[in-house]
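Student: sequence-free structure coming up:
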């Protein structure tokens, strides 16, 4: 009951003999102050910034669960990102999670715009506390983490094993009514037992129109005006020794533009999180993404991240963050660099 | 007490001896999966979709009421539509209801962007549970259901009779400061007593500028860049026999473009809702809209809808939906068709 | 405890042994009906309007505070403006306040998009209840009241004295990464003791790029495509005699476009608020802004405002509002006038 997610026991709005309900209003405000430096084509820039979402993306959400009897529940979640530094200037929407569904002994079904299973596995065992400045986030290729028009199924937990699968109809991505739609498939199989966590996840994103109108995440193909398919295969895990936690993963990305040769990325990351005591935790991560086409490596990104947390309460902490990413042109030589350093506060409510 | 239905017993935020108040946070998440087919000009298209608002429009709202003593109350309601399938990608706003006002023995006054009385009467006795896929919604001509800059008055209930009137100043619709404003008038007279419900409603929409900038609903005149007036007259009702409920209505629309001949639409619908037991309800509706100008019928739209609800709780149900609309060109021949079929879930919170 | 601002005793959503927290959901709905008239260049216009924010800007907000022990608190506030008359058609965002921070014996730090200290002092002792139609708001030059990317510090209260300072990094205002950023500095020193309130505040806004992309408030320089600096110096205060309250202030604005001569505005206002009894309060204000360049006065704006409140409860009141502003061209002669008159309701929740 302390654990209850219940927040606002809200009096329902649709009738006299209303069943009891609950809505949880929750959120996170995360702001940091720091420096962003880039060295691109030999030109250095440095900007002092105050920004939202240093450690995790600031957010505001509403969620709830209704007991339907017999172990069945109706669930919903509406959650949107906040830009605390500018008042969410682009307008608030429920761009993080937006779904309704049922759960029970069979598992759970979510309909709407849920996270993909691939994204969950990415977050489950990632370096540097899976903070937004983790080496892997700055280094690995991007993907669509919460597609529209999606059906997701989460299995029950079988002795530590759990799986999930999501399919996105992608009807909004067609440029004309006669186009066949783009689509996304994602699934995961995870194992968590005591100190050990292991996951495998796959995601395949099809772009069937050269001008997809509703991709919410960067996509190599649609950015280049191409059609084709991008697949991701991730194996990661962590082991908690108590005095430190080791995390790491390998990820393979294959971009297959229609009528052109494939581009592949081989990616890995490694991290160590250490509870150093007196409220402090330190995390370090390294990550690399090597891109090749036709058997020739042409680009390599390498990232380093360092994070420190100082816990003020279960809901609030201060942090320091450092990330450095170097992207090398393996054919022509030359490298671009970006560095960020900051101090911030995260408050959960 | 944990289970209290009341929501946020909010103690207000603006003074020492604050009166006690309450804000209700409420909403609805409605998502369905199905097929949309169209046959336009002999070209067939079919799209598999996962969409928000199959049965009713998904929404999130805040409302409250303050007892001012002597039977007087201050009331407000802020409610916006959700697109659960895409995270409300266009940005969340209070586009459904947004008003503040007073109520008491004299009735109720609402100032802002309330529903029109015509819209309420439409919804009061409509076919197929007044679901979004009801035959009438797919077939009849559109209208402005919640105009801006509006004053609405609701009468008290006199032995089953109640009325309402709304006037929209429409100051935002002028294209220049020297234009006279557009405006909207809507009123209704309804009677509800035991099994019988009858309503009459009228709405008149004036478009006084060929490029009105702030029309929130489709409007034949402004879509065509014309000025003029559109009027709607609706008579509808329902009778609940217990084992089935009969609903139906007739609606007349007159579009009067300045300097051009009138277009009239004669519209009707008929529906039967049946509680078949074991948690199931079935509703069927048919509707037609015949459009004429200069005494000649030139277009006719005919719709059929079928809906089934399976109740999981007072707040949650599953549904199946079917709608087919055929629009015939009565002068040249030829017809366009659209069909939708889907299965969905609606959860109220 | 009746007086507690706490609204939703929310049990947080992020862990088992969650500390207890609270989120306050609050807001204000303010709508009025009236007339707006302008006389510009000899052309009269008059529009009947129903609008939001007659007395104060309508709003919806979420705020909370967590006790971290030892007098330390984590605080956040997310608050956005509402346009109740049109359903906040531009999309809801947290454009009024958006910040997270810490408070304790040392004072308070806010990170994000807080109000500036200058703005707080403006509001602290302003004519005509500091209503939106106060003479000073219609007459004095505008300024940025809640800039982005801002750090604000509020001192503790020392025997009635309190101060605040804010610095905005303005990194978003640069048009290119190589531009140096624009910035804003604001500070205040206020004294409040019994019937007397006195404040001094300063604000300096730098525009370092001719096309600043993220200015949230009107700015003479950026509106004219110029770079440079604008400074504001305000001294104001009020004295409450019980049967009436006298308020007034003087404000100096200096606009310094790079490479051009300065423009200065000398501004003052004066107001009297009278509690006339039986729930009525009346406020009157006059204000003037005289603009000069090169030692020559070239423009003068003079405003008169009159407001009446009728209290229905601690949270709700009715009001009448009148404002008239005349802007004279002191070189060529001629004057523009604007008048508004309205009746409205404000409800706080």
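Tutor: That came through, no problem. Just so we're clear, the structure is a prediction, and the values are computed from it rather than from any experiment.
Student: quick one: contacts for the residue nearest to residue A:297 when sequence neighbours are not counted?
Tutor: Nearest non-adjacent residue to residue A:297, counting by Cβ to Cβ, 6 or more residues apart in numbering or on different chains: residue A:330, 5.1 Å away. Where you see a C-beta, it was placed from the backbone N, CA and C, and this is true even at glycine. Counting by Cβ atoms under 8 Å, 6 or more residues apart in numbering or on different chains, residue A:330 makes contact with A:297, A:298, A:299, A:300.
Student: Closest to residue C:291 out of the residues you listed?
Tutor: residue A:299 (57.8 Å; Cβ to Cβ).
Student: Give the burial count for the closest residue to residue A:106 other than its chain neighbours, as a bare number.
Tutor: Sequence neighbours aside, residue A:156 is the residue nearest to residue A:106 in space, at 7.3 Å (criterion: Cβ to Cβ, 6+ apart). By the other Cβ atoms under 10 Å in any protein chain shown criterion, the neighbourhood of residue A:156 contains 13 residues.
Student: any idea how far residue A:156 lies from residue A:77?
Tutor: Plainly put, residue A:156 is 19 Å away from residue A:77 if you go by Cβ to Cβ, to the nearest Å.
Student: Quick one: name the residues of the stretch 201-349 of chain A near chain C.
Tutor: The stretch 201-349 of chain A has residues A:312, A:313, A:314, A:315, A:316, A:345, A:347, A:348, A:349 near chain C, with proximity defined as Cβ under 8 Å from any Cβ of the partner chain.
Student: so the last one touches residue A:30, yeah?
Tutor: No: shown here, residue A:349 and residue A:30 do not form a contact pair, counting by Cβ atoms under 8 Å, at 11.5 Å.
Student: Let me see the contact set for residue A:335.
Tutor: Residues in contact with residue A:335 (Cβ under 8 Å, 6+ apart) are A:326, A:327, A:328, A:329.
Student: Give me the buried stretch members for the helix or strand the third one falls within, please.
Tutor: Spelled out, it's residue A:328. For residue A:328, the enclosing helix or strand under DSSP states H and E is strand A:316-329. Residues A:316-328 are the ones in strand A:316-329 that count as buried (16 or more other Cβ atoms under 10 Å in any protein chain shown).
Student: quick one on the thing from earlier: biggest separation within the residues of the stretch 201-349 of chain A next to chain C, which pair?
Tutor: Across these, the two members that end up farthest from each other (Cβ to Cβ) are A:314 and A:345, 14.6 Å apart.
Student: Tell me the pLDDT of residue A:10.
Tutor: pLDDT, residue A:10: 32.
Student: ditto for residue A:182
Tutor: For residue A:182, the predicted pLDDT is 70.
Student: Which one of residue A:314 and residue A:345 is surrounded by more residues?
Tutor: Between residue A:314 and residue A:345, residue A:345 has the larger neighbour count (other Cβ under 10 Å), namely 24 against 16.
Student: hmm, back to that, quick one: strands adjacent to the strand holding residue A:328?
Tutor: According to DSSP bridges, the neighbouring strands of strand A:316-329, each with its direction, are strand A:296-311 (antiparallel), strand A:335-348 (antiparallel).
Student: Mind putting those into a markdown table with mean pLDDT?
Tutor: Conversion of the strands paired with strand A:316-329 to a markdown table gives the following (pLDDT from 0 to 100):
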| stretch | mean pLDDT |
| --- | --- |
| strand A:296-311 | 98 |
| strand A:335-348 | 97 |
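Student: Distance to residue B:147 added to these, as CSV?
Tutor: Supplementary listing: these in CSV, determined by distance: least, Cβ to Cβ, whole Å:
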stretch, distance to residue B:147
strand A:296-311, 52
strand A:335-348, 41
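Student: Indicate which one of the ones you listed is closest to residue A:25.
Tutor: If we rank these by Cβ to Cβ, the stretch that ends up nearest is strand A:335-348, at 12.3 Å.
Student: Quick check: buried residues in the closest one?
Tutor: By neighbour count, and taking 16+ other Cβ under 10 Å as the criterion, the buried residues in strand A:335-348 are A:336, A:338, A:339, A:340, A:341, A:342, A:344, A:345, A:346, A:347, A:348.
Student: Columns distance to residue C:254 on top of the residues you listed, output as CSV?
Tutor: Compiled in CSV, those are given as follows (distance: Cβ to Cβ, whole Å):
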residue, distance to residue C:254
A:336, 43
A:338, 40
A:339, 39
A:340, 37
A:341, 37
A:342, 35
A:344, 36
A:345, 36
A:346, 40
A:347, 39
A:348, 44
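Student: Leaving out the residues flanking it, which one is nearest to residue A:250?
Tutor: If the residues on either side of it in the chain are set aside, residue A:250 comes closest to residue A:268, at 4.7 Å by Cβ to Cβ, 6+ apart.
Student: right, and the one you found touches residue A:252 too?
Tutor: No: taking contact to mean Cβ under 8 Å, the distance of 9.9 Å between residue A:268 and residue A:252 leaves them out of contact.
Student: of these two, who's got more company?
Tutor: In terms of neighbours (other Cβ under 10 Å), residue A:268 is the more surrounded of residue A:268 and residue A:252; the figures are 19 against 15.
Student: Which other helices and strands does the strand or helix carrying the more buried one contact?
Tutor: Mapping residue A:268 onto the secondary structure by DSSP H and E places it in strand A:263-277. Under the contact criterion of 3 or more Cβ pairs under 8 Å, 6 or more residues apart in numbering or on different chains; DSSP states H and E, strand A:263-277 touches helix A:135-139, strand A:245-257, strand A:280-293.
Student: Tell me which of these sits most buried.
Tutor: Relative to the other members of those, helix A:135-139 carries the highest mean neighbour count by mean count of other Cβ atoms under 10 Å in any protein chain shown, namely a mean of 25.
Student: Now do the contacts for the nearest residue to residue A:275 once chain neighbours are set aside.
Tutor: If the residues on either side of it in the chain are set aside, residue A:275 comes closest to residue A:281, at 5.1 Å by Cβ to Cβ, 6+ apart. With contact taken as Cβ under 8 Å, 6+ apart, residue A:281 is in contact with A:129, A:273, A:274, A:275, A:308, A:309, A:311.
Student: Check residue A:272 too.
Tutor: Neighbour list for residue A:272: A:244, A:245, A:246, A:247, A:283, A:284, A:285 [criterion: Cβ under 8 Å, 6+ apart].
Student: Can you give me the neighbour number for the closest residue to chain C within the stretch 151-300 of chain A?
Tutor: For the stretch 151-300 of chain A, the residue closest to chain C is residue A:279, as judged by Cβ to the nearest Cβ, at 11.5 Å. By the other Cβ under 10 Å criterion, the neighbourhood of residue A:279 contains 12 residues.
Student: same deal with residue A:48?
Tutor: By the criterion of other Cβ under 10 Å, residue A:48 has 15 neighbours.
Student: you'd agree it is in a strand?
Tutor: Yes: the secondary structure assignment for residue A:48 places it in a strand, going by DSSP: H, G, I helix; E, B strand; the rest coil.
Student: Pretty sure residue A:35 is one of the things it touches, is it not?
Tutor: Yes: in this structure, residue A:48 is within contact of residue A:35 by Cβ under 8 Å, at 5.9 Å.
Student: who's in contact with stretch A:63-74?
Tutor: Stretch A:63-74 is contacted from outside by A:5, A:19, A:21-24, A:26, A:75-79, A:100-105, B:312-313, B:315-316, B:345, B:347, B:349, C:13, using Cβ under 8 Å, 6+ apart.
Student: what is the mean pLDDT for it?
Tutor: When pLDDT is averaged over stretch A:63-74, the result is 96.
Student: so what's residue A:236 bridging to?
Tutor: Beta-bridge partners of residue A:236, as defined by DSSP bridges: residue A:199, residue A:249.
Student: contacting residues around it?
Tutor: Each residue near residue A:236 by Cβ under 8 Å, 6+ apart is listed here: A:121, A:122, A:124, A:125, A:126, A:198, A:199, A:247, A:248, A:249, A:250, A:251.
Student: Would you mind stating the distance between it and residue A:301?
Tutor: As defined by Cβ to Cβ, residue A:236 lies at a distance of 18 Å from residue A:301.
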